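Colleague: Would you be able to build a 3D model of this:
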Amino acid sequence: MAGFRLPTREQVVAFIKEDKWETGGDDSVPNPVPPCWDIKGRGRRMREHFTLREFSGALGDIGTLVPILISLTLQGSASLTSSLFFGGLWNIMTGFIYGVPMCVQPMKSIAAIALANKFTAGELAGAGLGVSAIVFFLGVSRLLWLVTRLVPLPVVKGLQLGTCFQLCKKGVELVKQHPAFWGSGLVWSDNLWWATSSFVLVLLVYERRRVPVALLVFMVGVAFALAQTGTHGQFGDVEPGAHFVHAVVPTAREFRSGFLSAGLGQLPLTLLNSVVALAALARELFPGYRPSMTHITGTIGVMNLVGCFLGSMPFCHGSGGLAGQYFFGARTELSLYALGVVKIVIGVVFGESLLVVLRWFPSSLLGVMLFMASIELGLVARNFTQHPHNERRRRHDFVVVLVTSAGLVGFSHDGLGFLVGMATALALWGHRHLRPDGAEPLLPGSKPGSGASSLAADDFAAPADQQRAAAARSAMDNCG
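Modeller: The predicted structure follows:
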């Protein structure tokens, strides 16, 4: 023990920089996000983005959060107080760690099975604890490093595209809950008129990024919810005061039932969408930013190993949530800080009684916000190949993207979509390498060798082609 010394700061930084999960890329592009210990740099960046649109972006994921939160709370599977408090706390934590709007969203697969099977609070906690413990172990041990090295880029893009279609479908289903333009079934605060109007509004300001459209739509929804609550005389059921979280300790039977029924199905979704695809999306939305998948798995583990024991629904990160918040204007952690503070205050002050108001929030507005946010996720699939000038490879890679996304949507399961995509990629790889002459058709203007695994700028003739090559190289770096 006499020779034992604590590592120096330089040694710790060097160890972190050796993280094999940190997505590489072109070092000539500076990282736009200062490290968390650079308080001045973070503060300067937040001041530059202190706009209404930044705060509007914080609401880009509520189309997923609100329906799941209300449903699980009404069923008794989760505590609204705990879910809001810890959800806000994790928003602030992830904003500080990552410096970008890394969303905190429910584990959707677990939530869906919990609602279908009417899980108890212990079963829901068991599912979240089991998944998070495995994800945390795989991240800390670096075993998931193999995923970043072996999963082809088209498979990741197919998962993102499939998730886009799934979320779009969910948005349409929310709108269809009140599918009326007129007649006896028309609800004045929740109908197709409002859905159409909000959809047209989002499209009109699509290229005008300074307009806080999500904030506008959300405020309209809050006003309608408050009006309906007052119309039905339910304000008396809202009880402001100090509300506290309560411990939930699952029994052995609840843990086994929850994990086997819902946790196993959530595991591939979390690993692929909340870790691999999320890092790829963050790298593409913020050029020069290098997210560490070790850190992502670590925060997912901490969020649920703490929160699920205290009644919160299971949380994770996700590429869909990040795309939604980015689409509606979020660019820094400032949006997460604001959202986190609001969640904590509302959860502590109103607690479970807030359900009286939330259940009246128009599903038509939620559906439109979720639908448009999902489109941003689907757009990243456009850079699906590392061989943009090799016609045969481009065709094969696009087939992998389509098969992966179709498998995910058809089976409604990320894991099965991933397996179908990997099998397709392997089969097409065999076709290419078993070809006797080894020749591959090239697009006009491309040079031989442009289909090689390395994407040198010299392989492309024009500056525009070099930009496409750089974009493809950047996208490929997402997968390691």
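
Colleague: contacts and neighbour counts: CA atoms only from here.
Modeller: Noted.

Colleague: and stretch 96-109, how far from the chain's centre?
Modeller: Stretch 96-109 sits 7 Å away from the centroid of its parent chain (CA atoms, centre = their mean, to the nearest Å).

Colleague: got it, and stretch 375-387?
Modeller: 15 Å.

Colleague: average pLDDT across that stretch?
Modeller: Per-region confidence: stretch 375-387 scores 82 on mean pLDDT.

Colleague: residues of it that come out buried?
Modeller: Buried residues in stretch 375-387, counted by 16 or more other CA atoms under 10 Å: 375-378, 380-381, 383-387.

Colleague: In CSV, list the C-alpha atoms belonging to it.
Modeller: Included here for stretch 375-387 are C-alpha records, laid out as CSV according to Å, rounded to 0.1, in the frame of the first residue of the first chain:
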residue,chain,number,x,y,z
ILE,A,375,-40.0,12.8,-39.5
GLU,A,376,-36.8,14.3,-38.2
LEU,A,377,-35.6,10.9,-37.1
GLY,A,378,-36.4,9.4,-40.5
LEU,A,379,-34.5,12.1,-42.3
VAL,A,380,-31.1,10.8,-41.0
ALA,A,381,-31.6,7.6,-42.9
ARG,A,382,-30.8,9.4,-46.1
ASN,A,383,-27.0,8.9,-45.5
PHE,A,384,-27.3,5.2,-45.5
THR,A,385,-24.1,4.0,-47.4
GLN,A,386,-20.4,4.5,-47.2
HIS,A,387,-20.1,3.8,-51.0
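
Colleague: that older thread, show me which of the buried residues of stretch 375-387 is closest to V135.
Modeller: Taking CA to CA as the measure, V135 lies nearest L377 of the buried residues of stretch 375-387, at 23.2 Å.

Colleague: Sticking with that closest one, tell me its helix or strand.
Modeller: helix 363-379 (DSSP states H and E).

Colleague: from memory S77 sits against A121, does it?
Modeller: Yes: contact criterion CA atoms under 8 Å: S77 and A121 qualify, at 4.2 Å.

Colleague: Which one's more surrounded, those two?
Modeller: Taking neighbours as other CA atoms under 10 Å, S77 and A121 compare with A121 leading, 27 against 24.

Colleague: my guess is that one contacts Q75, does it?
Modeller: No: contact criterion CA under 8 Å: A121 and Q75 do not qualify, at 9.4 Å.

Colleague: Helices of the stretch 251-400 of the chain, start to end?
Modeller: 252-258, 264-271, 277-285, 293-307, 319-327, 334-349, 355-358, 363-379, 391-411 (DSSP state H, counting those that start in this stretch).

Colleague: Quick one: list the elements packing against the third one.
Modeller: Helix 277-285 sits against helix 153-175, helix 319-327, helix 463-477, with contacts defined as 3 or more CA pairs under 8 Å, 6 or more residues apart in numbering; DSSP states H and E.

Colleague: redo that, cut-off 10 Å
Modeller: Contact analysis of helix 277-285 by 3 or more CA pairs under 10 Å, 6 or more residues apart in numbering; DSSP states H and E lists helix 153-175, helix 264-271, helix 293-307, helix 319-327, helix 463-477 as its packing neighbours.

Colleague: Check the fourth one too.
Modeller: Contacting helix 293-307 under the criterion 3+ CA pairs under 10 Å, 6+ apart are the following elements: helix 80-98, helix 121-141, helix 145-150, helix 264-271, helix 277-285, strand 315-316.

Colleague: Please save the CA atoms from the fifth one in PDB.
Modeller: What follows is the C-alpha trace of helix 277-285 in PDB, where atoms were taken according to Å, rounded to 0.1, in the frame of the first residue of the first chain:
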ATOM      1  CA  ALA A 277     -28.700   4.600 -33.000                       C
ATOM      2  CA  LEU A 278     -28.800   7.500 -30.500                       C
ATOM      3  CA  ALA A 279     -25.000   8.000 -30.700                       C
ATOM      4  CA  ALA A 280     -25.200   7.800 -34.500                       C
ATOM      5  CA  LEU A 281     -27.900  10.400 -34.600                       C
ATOM      6  CA  ALA A 282     -26.200  12.800 -32.100                       C
ATOM      7  CA  ARG A 283     -23.000  12.500 -34.200                       C
ATOM      8  CA  GLU A 284     -25.000  13.500 -37.300                       C
ATOM      9  CA  LEU A 285     -27.000  16.300 -35.800                       C
END
